[in-house]
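coordinates for the following, if possible.
(one chain, ligands or ions: 2)
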Amino acid sequence: MNAPQKPVLEVRIAAPRGFCAGVDRAIRIVELAIEKYGAPVYVRHEIVHNKFVVDTLKGKGAIFVEELDQVPDGVPVVFSAHGVPKAVPAKAIERGLEYLDATCPLVSKVHRQAERLVAAGRHILFIGHVGHPEVIGTFGQVPEGAMTLIETPADAEAVSVADPGNLAFLTQTTLSVDDTAATLAVLKRRFPAILAPGPNDICYATTNRQGAVKAIASGVDLMLVIGGMNSSNSLRLVEVAERQGTTAYLIPRAGDMDWEWLAGVGTLGISAGASAPELLVRELIDRLSERYDVIEREVETIEENVVFKLPRGLEAA
Ligand code: 0JX
Ligand code: SF4
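Ligands and ions are numbered 1, 2, ... in the order given. Predicted structure coming up:
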């Protein structure tokens, strides 16, 4: 007797998705540090916001802590891709700790811009999410009070500044492109003289992943995004899909999917945040294939070929 036929599920996979150049580099830095110094290597904060990545590196000899004072003397420490306040490397130097900075070069660029703008006497309105490590790191590049956090268009309407003629703005790298445009429109209307080094600081990977989700979300019945629940850029992908009127869920692993979500779904969209390994996308498709006859189609909106150099001293490890 023939096995009963599985229902057909068309799966549209967004591209680009998954690892960006900054995440690739940050993970490589931890791996190379372990090769160079031997285990254990300490990492301050999750190297990227993904439990699978963190657990894999733990298996290779990395130890994750939240603060530098949890790092014992005499062992190397890596700073996460999200960046750290200036006080962190300063403290490491004071303690004689060997450190490797895995801050994404695009986050470091915002750090340098913040310093330059403040040195030029500007007050910075910074668009970002309260409490996010990247925001804490960027605020930690300038003296207290030099920067004001703006999260929403309502914040932009409400903020009062001492000298409206002497403002600048910067942004977190992993924000919603559309929300940021709305917040910036308010700031530019209220403070026409506000200065910016560029249009905004949302990175190429964030922009491209949101664009790819936008391109498929309205044509699918459900969208699943693979990513950590604390991953800002992954959360933004879910929002993008929802704004196209499509139900969307963020799931760390295939096992977090609820089969009930698929009731009545004929076409499923899949993407992955910048910190989610491709292996987890395959894991999800394999799981779906247990119950469905999956027809896969990748929808590519833009080609990416960005690669960042490793820090000096690690390239040849
Ligand atoms: O929460 P984020 O999106 O900033 O970080 P995540 O998920 O670790 O992504 C990679 C690191 C991004 C830094 O900009
Ligand atoms: Fe860098 Fe963007 Fe990746 Fe963050 S999401 S690590 S800013 S490339």
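
how much space separates L167 from ligand 1?
For L167, the distance to ligand 1 (Cβ to the nearest ligand atom, to the nearest Å) stands at 24 Å. C-beta coordinates here come from the backbone N, C-alpha and C atoms, glycine included.

touching, that residue and R190? I think so.
No - applying Cβ atoms under 8 Å, one finds L167 not in contact with R190, separated by 9.7 Å.

neighbour count winner among those two?
Ranked by neighbour count (other Cβ atoms under 10 Å), L167 and R190 place L167 first, with 22 against 17.

helix, strand or coil for L125?
Under DSSP: H, G, I helix; E, B strand; the rest coil, the three-state class of L125 is strand.

so who does it touch?
Remark: with contacts taken as Cβ atoms under 8 Å, 6 or more residues apart in numbering, L125 is in contact with 147-148, 150, 156, 159, 161, 167-169, 187, 191, 194.

spell out which parts of the stretch 1-150 of the chain neighbour ligand 1.
Where proximity means Cβ under 6 Å from any ligand atom, the interface of the stretch 1-150 of the chain facing ligand 1 comprises 22-23, 48-49, 81-82, 104, 107, 134.

tell me the contacts of the residue of the stretch 201-317 of the chain found nearest ligand 2?
Here the residue of the stretch 201-317 of the chain nearest ligand 2 is C203; by Cβ to the nearest ligand atom that distance is 3.1 Å. Shown here is C203, whose contacts under the criterion Cβ under 8 Å, 6+ apart are 20, 22, 104, 106, 173-174.

likewise for Q70?
Q70 is in contact with Y42, counting by Cβ under 8 Å, 6+ apart.

E296 too?
Listed by Cβ under 8 Å, 6+ apart, the contact set of E296 reads 11, 13, 285.

what residues of the strand or helix carrying it count as buried?
Secondary structure from DSSP states H and E places E296 in strand 293-300. By neighbour count on 16 or more other Cβ atoms under 10 Å, the buried set for strand 293-300 is 294, 299.

that one pairs with which strands?
The strands beside strand 293-300 in its sheet (DSSP bridges) come out as strand 8-15 (parallel).
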